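K.L.:
Just the structure for this:
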Amino acid sequence: MSDSKKILSEKFSHHFNLNPTHFFSSPGRMEVLGNHTDYNHGLCLAAAIDYAIEAAVSVNDSFIVHAISRGTRYPFRVNLRYLEVDPRQYNRSEALIRGVANGFVKRGFQIGGLNLYAISSIPRGAGVSSSAAFELLIATAFNHMFNQGKIDPTTLAQIAHEAEVDYFNKPCGLLDQTAVAYGGLVYLDFHSTETPLVEKIDFSINDYDIILVNTGSHSKLTSYYAETRDDIQKVAAYFSLPSLREVNYADFINNLHEIFNKLGGRVINRALHIFNENILVEKAKNALLTDDQATFIECVRASGLSSLTALQNYTYPYDETQGVLLAYNLSKQFVPTGAYRIHGGGFAGTLLAFIPQQESKYYVSEMQKVFGKEYILKLHIRPDGPAPF
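P.N.:
Here you go, the predicted model:
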């Protein structure tokens, strides 16, 4: 038995007075390229990472999920007979379990009672989707323990996404859940959110280390994220189309004067980011397929600059800390040969850095002096998604 299984088994037995029958692991994710493109039916590159939630699990006959994690004294309970949205549980793990269970039931899949003890190495507030990892952990347990593991990753991702949006009350696209569900590095085309195109890609940027700089929490920033989404949607609505992906770029350019007068410049800037970001994702994908590291790094730099100047999600009004903006500027100062971009929703949170390996130790040391040792994380791509282990 591996060390992690041994620890999980001991903790599980201590809390539930029985032995677990299954072990599951579900990874966090990083957004490699494609900032705010997923909910615009756009293109993304994303990857599962080697930070994960691991759990020991057994079935119970109560039709209740009893779940506990390291650092908490008592399990919380989710009665699976009651699967309605409960606004009192927004932003709580119980809501995610109830949402995942509802997604299974409404699709005709089976669910049942579980005892679960979890240990997570995913740092909270680091923007690597601990919520998506937890959703997919529960979905994978239901899948393997009650449905013979037959449910495909796209369906599991959709179920998890519904749980986050409807039950957890976080307006997000499908990138996080799809990246977690598939594992490895994936190219995602969300032209259809019902059946997104998912293509696994070999990641061969061997001359660079991937560093995540965690500068602060995403808490209380949902309104800025939603405002960004609304701004971009206004441009689509101007053309009476459901998303920016459907808008012809030439039509957009030809109508800039009227859009500016009606909607202002911010919506145009943010729309320009989406148009250009989709181009960068395609260019970066082709660079990866042809082992063109220089072009890939160029695309990451261009994406980071676009989010800064056009999408404008490195800071927010009255943000005196300006952690992500500071991390971006310091990164370029310390290692100009690296590539840097906002990671995830933005406005606070994290910066993703691709650092030449010979400069990696120096970069980590300098950033730790500013943000703290525990907030500078070296990431590796995990080849598989949620799975038994």
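K.L.:
When you work out contacts or count neighbours from here on, use the C-alpha atoms and nothing else.
P.N.:
Noted.
K.L.:
shaky segments in the stretch 151-300 of the chain?
P.N.:
217-219 (pLDDT under 70).
K.L.:
Walking through it, point out its strands one by one.
P.N.:
185-189, 197-201, 208-214 (DSSP state E, counting those that start in this stretch).
K.L.:
Tell me which of these sits nearest to I274.
P.N.:
Comparison of the strands of the stretch 151-300 of the chain against I274 by Cα to Cα identifies strand 185-189 as nearest, at 13.4 Å.
K.L.:
what does that closest one rub up against?
P.N.:
The set of residues that contact strand 185-189 without belonging to it, under Cα atoms under 8 Å, 6 or more residues apart in numbering, is 41-48, 175, 179, 196-203, 285, 381, 383.
K.L.:
Return the subset of those residues lying in helices.
P.N.:
Counting by DSSP state H, the members of the contacts of strand 185-189 that fall within helices are 175, 179, 285.
K.L.:
neighbour-wise, which of those residues leads?
P.N.:
Per-residue neighbour counts (other Cα atoms under 10 Å) across those peak at A179, which has 33 neighbours.
K.L.:
Return the residues in contact with it.
P.N.:
With contact taken as Cα under 8 Å, 6+ apart, A179 is in contact with 29, 46-48, 185-186, 385.
K.L.:
Please report how far it lies from L45.
P.N.:
9 Å (Cα to Cα, to the nearest Å).
K.L.:
Just the terminal-to-terminal distance for stretch 371-386.
P.N.:
Across its full length, stretch 371-386 reaches 31 Å end to end, with Cα to Cα as the criterion.
K.L.:
Would you indicate which residues of it are buried?
P.N.:
Neighbour-count burial for stretch 371-386, with 16 or more other Cα atoms under 10 Å as criterion, is recorded at 371, 375-377, 379-386.
K.L.:
Relative to A141, which of those is nearest.
P.N.:
Distance ranking of these against A141, using Cα to Cα, places P386 first at 9.3 Å.
K.L.:
Quick check: end-to-end length of stretch 242-249?
P.N.:
One end of stretch 242-249 sits 15 Å from the other (Cα to Cα).
K.L.:
ditto for stretch 84-97
P.N.:
Counting by Cα to Cα, you get 12 Å between the two ends of stretch 84-97.
K.L.:
For that stretch, which outside residues touch it?
P.N.:
By Cα under 8 Å, 6+ apart, the list of residues contacting stretch 84-97 reads 76-78, 98-99, 102, 134-135, 138, 160, 163-164, 166-170.
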